[in-house]
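Asks: Would you be able to build a 3D model of this:
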Amino acid sequence: MGAILWGFESPLRHFNMNKGKAAIFLSGRGSNFEAIYQSSQHPGANFEIAVVISDKKDAPGLKKAKEYGLPTHLVLPKLFNSKEEYEKHLVNLLREMDVDLVCLAGYMRIVGEELLKAFENRIMNIHPALLPSFPGLHAQKQAFDYGVKISGCTVHFIDSGVDTGPIILQQPVEVLEDDNEETLSNRILAVEHKIYSQAIRLFFENRLKLRKRRVIIS
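Replies: I've put the predicted structure just below:
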C-alpha cells in the first residue's frame with residue numbers, strides 16, 4: 001500500500017519489491033541533493049533518485065548529478081509559452097520516469113497548479129528556518145537580524161503558498177553569541193542534510209499521514 005495522505009492512497013508502486021523513486025529539482029549547487037544521493041546509496045536504503053531536473057543550465061548540482069551517472073534533464077522555462085505548459089512538460093517527464101516523490105533542493109521557482117495537482121502531497125521542500133517563522137528568501141538572515149536564540153530547519157510538503165505547506169520534520173539550531181549569517185547558515189545546512197533524507201525515508205516507509213494540516217508519523 002502507498003502512503004495515506006489526506007484520506008487517499010498515494011500511488012506508490014511495489015513497495016515490498018522495489019525501491020521508491022524520487023526526483024530532485026534544483027537550480028543551484030545542490031548540496032541537499034548530494035546529501036540525499038549519499039543517503040540513497042546506503043545499504044538498505046528504501047529509495048533511489050530516478051532523475052535530477054534543473055531549470056538552470058549552469059547549475060553545479062546538475063553537473064554533479066551527471067558525474068554520479070544519474071539521469072538528468074535541463075528544462076528551461078523560457079522555451080515554453082507559459083508556466084502551465086512548462087509544468088505539464090515536467091509532469092509528463094516525471095510520469096515517464098515512474099517517479100513517486102518530488103524533492104525540491106534549491107529549486108528557485110514557486111510550484112504551480114499543474115505540478116501540485118499531479119503530485120498532490122508528494123512534493124517536499126526543505127526550508128532553513130523553523131516555519132512558520134521566516135518564510136521566503138534569506139531565512140537565515142531574517143532569523144539572525146531578528147535576534148532569535150533558536151533557529152533551525154523544516155521539511156514540509158508543498159502547497160500553493162510560499163513555505164506554507166504541512167510540516168513533516170523540524171530540528172532546532174542554536175544561534176550562538178559569536179554567530180554571523182554565514183556561520184549560522186552553515187550549521188543549519190548540516191542539519192538540513194540529515195532531516196531531509198530522514199523525511200524521504202519516512203515517506204517511502206509509508207509512515208506519513210496527513211490529518212487536516214498535521215503530518216502524523218506512525
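
Asks: next structured bit after the lowest-mean-pLDDT helix or strand in the chain?
Replies: For the chain, using mean pLDDT, DSSP states H and E, the weakest element among its helices and strands is strand 8-9, scoring a mean of 33. Remark: after strand 8-9, the chain's next helix or strand is strand 20-26, criterion DSSP states H and E.

Asks: What is that following strand packed up against?
Replies: With contacts taken as 3 or more CB pairs under 8 Å, 6 or more residues apart in numbering; DSSP states H and E, strand 20-26 sits against helix 31-40, strand 47-54, helix 60-67, strand 101-104, helix 181-204. Quick note: C-beta positions are derived from backbone N, CA and C, even for glycine.

Asks: Residue 181 is in contact with residue 141, correct?
Replies: Yes. Between residue 141 and residue 181 there is a contact at 5.0 Å, judged by CB atoms under 8 Å.

Asks: do you know which of the helices and strands packed on strand 20-26 lies nearest residue 212?
Replies: helix 181-204 (18.8 Å; CB to CB).

Asks: tell me which residues of the closest one are tucked away?
Replies: By neighbour count on 16 or more other CB atoms under 10 Å, the buried set for helix 181-204 is 184-185, 187-189, 191-193, 195-197, 199-204.

Asks: now stretch 165-179
Replies: 165-170, 173, 175, 179.

Asks: And the average pLDDT for that stretch is what?
Replies: Averaged across stretch 165-179, pLDDT comes to 97.

Asks: so who does residue 53 touch?
Replies: Contacts for residue 53 (CB atoms under 8 Å, 6 or more residues apart in numbering) come out as 23-26, 72-75, 90, 93.

Asks: Between those, which sits nearest residue 159?
Replies: Closest to residue 159, out of all of the contacts of residue 53 and judged by CB to CB, is residue 25, at 16.0 Å.

Asks: I'd like to know how many residues surround that closest one.
Replies: Number of residues near residue 25 (other CB atoms under 10 Å) recorded here: 26.

Asks: for the nearest residue to it once chain neighbours are set aside, helix, strand, or coil?
Replies: Closest residue in space to residue 25, ignoring its immediate chain neighbours: residue 107 at 3.9 Å, by CB to CB, 6 or more residues apart in numbering. What DSSP: H, G, I helix; E, B strand; the rest coil gives for residue 107 is coil.

Asks: And residue 107, what's its pLDDT?
Replies: 97.

Asks: and if you look at the one 4 residues further on?
Replies: The pLDDT attached to residue 111 in the predicted structure is 97.

Asks: Likewise for residue 77?
Replies: pLDDT, residue 77: 97.

Asks: Would you check how far apart the residue nearest to it when sequence neighbours are not counted and residue 73 are?
Replies: Leaving aside its chain neighbours, residue 77 sits nearest to residue 86 (4.9 Å; criterion: CB to CB, 6+ apart). Distance, residue 86 to residue 73, by CB to CB, to the nearest Å: 12 Å.

Asks: go on, residue 141?
Replies: Per CB to CB, residue 141 is found 32 Å from residue 73.

Asks: Surely the residue nearest to residue 77 forms part of a strand?
Replies: No. Judged by three-state DSSP, residue 86 forms no part of a strand; its state is helix.
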